[in-house]
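Participant: Here is my input, please return the structure:
(one chain, ligands or ions: 2)
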Amino acid sequence: MTAPELDRVRIGLVSCSDRASSGVYEDKGLPALKEWLTEALHNPIEFVERLIPDERATIALALKDLVDLARCDLVLTTGGTGPAPRDVTPEATLDIADRVMPGFGEQMRQISLRFVPTALLSRQVGVIRGQCLILNLPGQPKAIAETLAGLPDAAGIFAAVPYCIDLLGGPYLETRETVCKAFRPKSALRPPR
Ligand SMILES: Nc1ncnc2c1ncn2[C@@H]1O[C@H](COP(=O)(O)OP(=O)(O)OP(=O)(O)O)[C@@H](O)[C@H]1O
Ligand SMILES: Nc1nc2c(c(=O)[nH]1)N[C@H]1C(S)=C(S)[C@@H](COP(=O)(O)O)O[C@H]1N2
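Facilitator: Numbers count the residues shown, from 1 in each chain. Ligands and ions are numbered 1, 2, ... in the order given. The predicted structure follows:
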């Protein structure tokens, strides 16, 4: 018998940065997100990417497009979560949210405090729109792996993402345990391939 095929997952990636989107510096957010996700997931992934300035309406429209038109199962943003006047990613995310998932922001700040004391300056939120989970990550490219993977003694936020997507009716995500050990209740586990 051949092993069942892994579900395909469509992941939207949004880098919110005035300077990267205008070419002042090279965007490192989208490559860092793709690299981490490709290492972490066994599933075949289709990425849909956007590099945009820190404009509330532009970010909200990009998120809506990625969920409603591109039909992403998961959307990750990076950048624009701090207190500076042009940091508006959380507001744009809440503008298009159906429901808020406070645990993601709480856990990200907990983990990030282990790396930098300024972690509490990040106002990142996690929300649901339709059947899609949308998560804000800080803009420092190194913060992407820090918040998604966590530390050996403290789970990063991605550990809870596969089961959240199960509950939203999305694809069954399987992680590489060396990168990220996802948690599901026993009743939600599928037999290993
Ligand atoms: N997309 C990115 N690519 C590369 N480096 C980035 C990116 N976003 C942020 N950084 C780095 O992280 C630092 C803090 O990120 P932050 O989102 O606060 O940027 P910023 O100072 O608001 O400027 P901008 O929105 O123009 O990126 C930046 O100064 C930059 O060094
Ligand atoms: N894991 C992690 N979280 C972090 C950081 C970091 O380097 N690593 N930087 C902090 C800093 S300095 C700021 S200002 C806020 C907001 O960053 P943003 O505006 O780039 O999203 O994220 C914080 N969270």
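Participant: what does the protein have sitting close to ligand 2?
Facilitator: Residues of the chain that fall close to ligand 2, judged by Cβ under 6 Å from any ligand atom: 79-82, 87, 112, 115-116, 118-119, 121-122, 138-140, 142-143, 146-147. Where C-beta positions appear, they are placed from N, C-alpha and C, glycine not excepted.
Participant: Pull up the distance across stretch 14-32, start to finish.
Facilitator: 12 Å (Cα to Cα, to the nearest Å).
Participant: Now that stretch: buried residues?
Facilitator: Using 16 or more other Cβ atoms under 10 Å as the test for burial, stretch 14-32 gives 14-17, 20-21, 27-30, 32.
Participant: show me which of these neighbour ligand 1.
Facilitator: Restricting the buried residues of stretch 14-32 to those near ligand 1 - Cβ under 6 Å from any ligand atom - leaves 15, 17, 20, 27-29.
Participant: Show only the entries of those found in strands.
Facilitator: Residues from these lying in strands, with DSSP state E as the criterion: S15.
Participant: hmm, back to that, in TSV, list the buried residues of stretch 14-32 along with pLDDT.
Facilitator: Listed next are those as TSV, based on pLDDT from 0 to 100:
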residue	pLDDT
V14	98
S15	98
C16	98
S17	98
A20	98
S21	98
D27	98
K28	98
G29	98
L30	98
A32	98
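Participant: Among those residues, give me the pair with the biggest separation.
Facilitator: S21 and A32 (15.7 Å; Cβ to Cβ).
Participant: For the residue in the chain positioned nearest to ligand 2, grab the count of nearby residues.
Facilitator: Proximity of the chain to ligand 2 (Cβ to the nearest ligand atom) peaks at G139, 2.5 Å away. Neighbour count for G139, taken as other Cβ atoms under 10 Å: 23.
Participant: The closest residue to R99 other than its chain neighbours in helix, strand or coil?
Facilitator: Leaving aside its chain neighbours, R99 sits nearest to I128 (4.6 Å; criterion: Cβ to Cβ, 6 or more residues apart in numbering). Under DSSP: H, G, I helix; E, B strand; the rest coil, I128 falls in the strand class.
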